[in-house]
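In: Fold the following for me, if possible:
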Amino acid sequence: MAGLTAANKLYTAAASSLELTVVEGGSRIGGRISTAEFSGDRIEHGATWIHGIEGSPLYEIAGDTNLLISDQPWECMDGALGDPVTAAEGGHLLSPAFVDPISRLFTSLMDFILGKADIQCLVNGGDLSVGSFLRRGLAAYLEKEKKGISVGRWSKRSLQKAVFAMHESIQRTYTSATDLSSLDYNAEKDYVLLPGEEITVAGGYSGIIDHLASVLPDGVIQLGRKVEKIEWASSSCEGRPVVLHFSNGTAMSADHVIVTVSLGVLKAGTSSEGWNLFHPSLPSCKAGAISRLGYGLVNKVFLHLSPSYRDNDGFPFLQMVFHPSDSELRNPKVPQWIRRTSFLCPIYSNSRTVLSWFTGQEALELEKLTDDEIIGGFSRTVSNLLPSQQHNEISQKFDEVLRTQWGSNPLFLGSYSYVAVGSSIDDMDTLAEPLPKYGGGDSAPPPLQILFAGEATHKTHYSTTHGAYFSGLREANRLLKHYNCIN
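Out: Residues are numbered from 1 along each chain as shown. As a prediction, this is how the structure comes out:
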């Protein structure tokens, strides 16, 4: 998104004065935007939502290119589904009267963190992480709660904690943080949401990418050119200060390079234990910012219901509540890798394709499993959670699966960024600074040799596609201003 936005802007504004090339390490354009089909439905491997339609350039593009309508079903076409069914391990359906107070508590705590609400009974004691604040809020709530009767092998208190943990798992997928204890408390209020409805793209998110790329002439985009080394401040044979070295042994020189690889690739390419992507190495301030910022992994699992699954009401929007992984009460038939996911739901009303999200270590473990292991694990888990399914526990509930694998893909090594404990949004500003920033004088190096764009370089809209778009526009405008193409 960032690279193609920059290329689109540079070409449309100054095609006659700039020589432009887009190099892509993979076999397709779009990065973590990838629309596909599964069992006749349009789905998204990666980016799914337009987060707020008011002021979103992506919503505007989707509207102008007829991507907001489709004659084919698509993922989350109904928006938010109806009321969820919440089931606890062992086949216990939890009433809204039990679940809703914990849900409201979690929402109010998050609103407090975001500066949207004041909680009189809690005082911010300088929490470093979102996780520590949430746990303190839960403890304060439970201190005032009366003990209640047990539910199966669950005590009331353990069940309340497990419902709260379910909401924590949902929050992890929003942020990509492996654990909320690694998510910086103070930075959360700096994150800006665009106003308006959140929607998915009926015609597929990749259509927005295709539109951005459509203005570029043939040959500008070069696929399959994985960059192994970026040599800058150099004296190439063509007199250009930057040289890209590719994995096939070829090279390309340039006056400027806008680097839009993921923060995960930047981390791997600047760590003391990895390979060095930049020669010379990045300044310590920029390398430090890359090291401190958080970068997580989120994967999606799509499952198709098998013909043996018969339910007149369709598959529910299922919220899953589990015993903690260290509990002796957990059922061994529920796999360890599924215990920190939080829901399984149809991708639209009455669809026979259901979806679950995984974050962190469980998402990485998911990538190593076979299709049969995933299908079997989910089938056993659903049988355990839903009493109506227990009599048919041996049968497979699903017959087809598709899962994403962003963590093991060397072109991504994860999903999107967050502000980790020990970092701040200032690190995102540092990451966005070009190298060198200024030129001037015969002995000074040429300016703007390496520019940085991507969602991790936008301090208020990081982790989003529109943040990536804004960052690409920012760097294109920086170059256009350098060449006096804009004021």
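In: Just the buried positions in the helix ranked longest in the chain, please.
Out: Taking DSSP state H as the criterion, the chain has its longest helix at helix 156-175. For helix 156-175, a neighbour-count test (16 or more other CB atoms under 10 Å) marks 156, 158-173, 175 as buried. No exception for glycine: its C-beta is placed from N, CA and C like everyone else's.
In: helices or strands next to that helix in the packing?
Out: On a contact count with 3 or more CB pairs under 8 Å, 6 or more residues apart in numbering; DSSP states H and E, helix 156-175 meets strand 85-88, helix 96-113, helix 130-143, strand 318-321, strand 353-359.
In: Quick one: closest of those to residue 79.
Out: strand 353-359 (14.0 Å; CB to CB).
In: Give me the residues contacting whichever helix or strand comes after that closest one.
Out: Remark: after strand 353-359, the chain's next helix or strand is helix 360-366, criterion DSSP states H and E. With contact meaning CB atoms under 8 Å, 6 or more residues apart in numbering, helix 360-366 is reached by 172, 177-179, 296-299, 301, 337-341, 358, 374, 403, 407-408.
In: For ChimeraX, write the select line for the buried members of those residues.
Out: Restricted to buried positions by 16+ other CB under 10 Å, the ChimeraX selection for the contacts of helix 360-366 reads:
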select :172,177,178,179,296,297,298,299,301,337,338,339,340,341,358,374,403,407
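In: Narrow the contacts of helix 360-366 to those in strands?
Out: Using DSSP state E, the subset of those located in strands is 296, 298, 299, 301, 358, 403.
In: Let me have these in CSV, extended by distance to residue 385.
Out: Shown next, in CSV, are the ones in strands among the contacts of helix 360-366 (distance: CB to CB, whole Å):
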residue, distance to residue 385
296, 26
298, 22
299, 21
301, 16
358, 17
403, 20
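In: Relative to residue 73, which of these is nearest.
Out: residue 301 (18.5 Å).
In: all helices for the protein, in order.
Out: 2-14, 57-64, 96-113, 130-143, 156-175, 206-213, 263-270, 284-292, 360-366, 371-385, 425-432, 465-482.
In: bridging residues for residue 93?
Out: Counting by DSSP bridges, residue 93 is bridged to residue 87.
In: so what's it up against?
Out: 85, 86, 87, 386, 387.
In: ok, the spatially closest residue to residue 82 that is not a sequence neighbour - how many residues close by?
Out: In space, and not counting its chain neighbours, residue 82 is closest to residue 317: 6.6 Å by CB to CB, 6 or more residues apart in numbering. Residues near residue 317, counting by other CB atoms under 10 Å, number 18.
In: circling back: with mean pLDDT added, can I get the helices and strands packed on helix 156-175 in CSV?
Out: CSV is the format used below for the helices and strands packed on helix 156-175 (pLDDT from 0 to 100):
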stretch, mean pLDDT
strand 85-88, 96
helix 96-113, 95
helix 130-143, 94
strand 318-321, 96
strand 353-359, 97
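In: Residue 342 is in contact with the residue nearest to residue 82, correct?
Out: No - using CB atoms under 8 Å, residue 317 makes no contact with residue 342, being 11.5 Å away.
In: Show me the domain layout of this structure.
Out: As given by automatic domain parsing, the domain ranges for the chain are 2-34+205-295+409-482, 101-190.
In: Give the ranges of residues in this structure that sit below the confidence cut-off.
Out: 80-81, 118-127, 235-238, 311-312, 389-395, 440-442, 487 (pLDDT under 70).
In: So residue 75 versus residue 116, what's the distance?
Out: 28 Å (CB to CB, to the nearest Å).
In: Look at the two and report which has more neighbours.
Out: Between residue 75 and residue 116, counting by other CB under 10 Å, residue 75 is the more crowded of the two (25 against 11).
In: list the contacts for that one?
Out: If a contact means CB under 8 Å, 6+ apart, then residue 75 has 41, 42, 43, 44, 48, 200, 347, 348, 355 as its contacts.
In: just residue 276 next, same as before
Out: Residue 276 touches 229, 269, 270, counting by CB under 8 Å, 6+ apart.
In: wait, what's in contact with the residue found closest to residue 202 once you drop the neighbours it is linked to in the chain?
Out: Distances taken as CB to CB, 6+ apart put residue 70 closest to residue 202, at 3.8 Å, once the chain neighbours are dropped. Taking CB under 8 Å, 6+ apart, we find residue 70 in contact with 42, 77, 202, 203.
In: quick one: the last one and residue 169, what's the gap?
Out: Right, residue 203. 31 Å.
In: before we move on, what about residue 34?
Out: Residue 34 is 24 Å from residue 169, by CB to CB.
In: And residue 104, by the same measure?
Out: 18 Å.
In: how far away is residue 271 from residue 101?
Out: Distance from residue 271 to residue 101, by CB to CB: 45 Å.
In: pretty sure residue 65 contacts residue 206?
Out: No - Residue 65 is not in contact with residue 206 according to CB under 8 Å; the separation is 11.6 Å.
In: more neighbours, these two?
Out: Of the pair residue 65 and residue 206, residue 206 is the one with more neighbours under other CB under 10 Å, namely 22 against 15.
In: And the helices of the chain: which comes nearest residue 418?
Out: helix 156-175 (4.8 Å).
In: that older thread, go through the helices of the chain and name the closest to residue 447.
Out: Across the helices of the chain, closest to residue 447 is helix 465-482 (CB to CB), at 7.1 Å.
In: residues making contact with the closest one?
Out: For helix 465-482, contacts defined as CB under 8 Å, 6+ apart pick out 1-7, 9-10, 13-14, 18, 33, 47, 50-51, 56-58, 194, 205, 256, 258, 260, 432, 434, 447-448, 451-455, 457-458, 460-461, 486-487.
In: mind redoing it with 7 Å?
Out: Contacts to helix 465-482, defined as CB atoms under 7 Å, 6 or more residues apart in numbering, come from residues 1-3, 5-6, 9-10, 13-14, 33, 47, 51, 56-58, 194, 256, 258, 434, 448, 451, 453-455, 457-458, 461, 486.
In: try stretch 445-456
Out: So stretch 445-456 is in contact with 2, 6, 230, 232-233, 241-242, 255-260, 262-263, 293, 416-417, 428, 431-432, 434-439, 462-464, 467-468, 471-472, 474-475, 478-479, 482, going by CB under 7 Å, 6+ apart.
In: For these, which PyMOL command selects only the ones that are buried?
Out: To isolate the buried subset of these in PyMOL, counting by 16+ other CB under 10 Å, use the following:
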select buried, resi 2+6+230+232+241+242+255+256+257+258+259+260+262+263+293+416+417+428+431+432+434+435+436+462+463+464+467+468+471+472+474+475+478+479
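In: show me the contacts for residue 230.
Out: Residue 230 sits next to 242, 244, 257, 277, 278, 450 when contact means CB under 7 Å, 6+ apart.
In: What about the residue lying closest to it once chain neighbours are set aside, how many residues nearby?
Out: Spatial nearest neighbour of residue 230, chain neighbours left out: residue 278 (5.3 Å); criterion: CB to CB, 6+ apart. Neighbour count for residue 278, taken as other CB under 10 Å: 19.
In: repeat for residue 83
Out: With other CB under 10 Å as criterion, residue 83 counts 8.
In: and what of residue 37?
Out: By other CB under 10 Å, 12 other residues sit near residue 37.
In: Show me which positions of stretch 198-208 end up buried.
Out: Buried, per 16+ other CB under 10 Å, within stretch 198-208: 198, 199, 200, 201, 202, 203, 204, 205, 206, 207, 208.
In: Quick one: end-to-end distance for it.
Out: Taking CA to CA, to the nearest Å as the measure, stretch 198-208 stretches 16 Å from start to finish.
In: ok, now stretch 23-38?
Out: End-to-end distance of stretch 23-38 (CA to CA): 29 Å.
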